[in-house]
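Colleague: Predicted model, plus sequence, below.
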Amino acid sequence: MAHTHDAHSHDADALCDVAHGEAATGDGDRTLVAVFASPVADYLLRYGADLGFRGILFEPDPRRSTAPAGFEVVTAPPADLDGTADIVLTDHHRPELAAVLHELLGYKCRWIGVMGSPRHPAPYLQALAELGARAEDIARVHRPIGLNIGSRTPPEIAIATLAGLLADRNGRPGGFTF
């Protein structure tokens, strides 16, 4: 049975072509930096690659710097972080969180977020202020992150986070509102 596009606009036709594997899915200008080695970081990098992200694990502690095979691992922020980079800090309990976040705020990244429960205060806010971060830079940090789907496991958290990044990147609210 042939698929028809009579009721669709040209934009819908283009999206259908992508869904059916008949068109390119993007220009590959996305970078995803997962900060701190963790199970969530592993899933973010693996699933992000399927979504066209160039994945990098930024782990400041060389003893912990492991990532899934095929991904770049760095112990300092990559020099080429720019407006194509989305940064996700995956462990809000790390003692160096504020210092690492303060350093990352010096880059012109597209998006920066810290995982953590919205029911608890963000532990880095006061520390960032004490490190001299400007209020407008602190305001760039997103928390909570991802779509609110009730995720509990590392793969679910990674999916919710990536879905939230895609919605934000595409100017969409996420969820089922079209």
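Modeller: That came in fine, so what should we check first?

Colleague: Send over the helix or strand where residue 129 lies as PDB, restricted to the C-alpha atoms.
Modeller: In the assignment (DSSP states H and E), residue 129 maps to helix 125-130. These are the backbone C-alpha positions of helix 125-130, laid out as PDB (Å, rounded to 0.1, in the frame of the first residue of the first chain):
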ATOM      1  CA  LEU A 125      24.000  28.100  43.600                       C
ATOM      2  CA  GLN A 126      25.700  29.600  46.600                       C
ATOM      3  CA  ALA A 127      29.100  28.100  45.700                       C
ATOM      4  CA  LEU A 128      28.900  29.600  42.200                       C
ATOM      5  CA  ALA A 129      28.200  33.000  43.700                       C
ATOM      6  CA  GLU A 130      31.100  32.600  46.100                       C
END
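
Colleague: Pull out the buried residues from it.
Modeller: 127, 128 (16 or more other C-beta atoms under 10 Å). Backbone N, C-alpha and C define where each C-beta goes, glycine included.

Colleague: Over to stretch 130-150?
Modeller: 133, 137, 138, 141, 142, 143, 144, 145, 146, 147.

Colleague: Can you flag which of those residues belong to strands?
Modeller: Per DSSP state E, strands hold the following members of these: 141, 142.

Colleague: Strands of this structure, start to end?
Modeller: Using DSSP E, strands in the chain cover 30-35, 53-58, 72-74, 85-89, 111-114, 141-142.

Colleague: Any idea which of these gets closest to residue 124?
Modeller: In terms of C-beta to C-beta, the element of these nearest to residue 124 is strand 111-114, at 6.7 Å.

Colleague: The closest one packs against which elements?
Modeller: The contact analysis (3 or more C-beta pairs under 8 Å, 6 or more residues apart in numbering; DSSP states H and E) places strand 111-114 against strand 85-89, helix 97-104, strand 141-142, helix 154-169.

Colleague: returning to what we had before: residues in contact with the helix holding residue 129?
Modeller: 97, 98, 99, 101, 102, 105, 135, 137, 138, 141 (C-beta atoms under 8 Å, 6 or more residues apart in numbering).

Colleague: wait, isn't the third one in contact with residue 131?
Modeller: In other words, residue 99. Yes - here residue 99 reaches residue 131: they are 7.0 Å apart, a contact under C-beta atoms under 8 Å.

Colleague: how far out from the middle of the chain is stretch 78-85?
Modeller: 13 Å (C-alpha atoms, centre = their mean, to the nearest Å).
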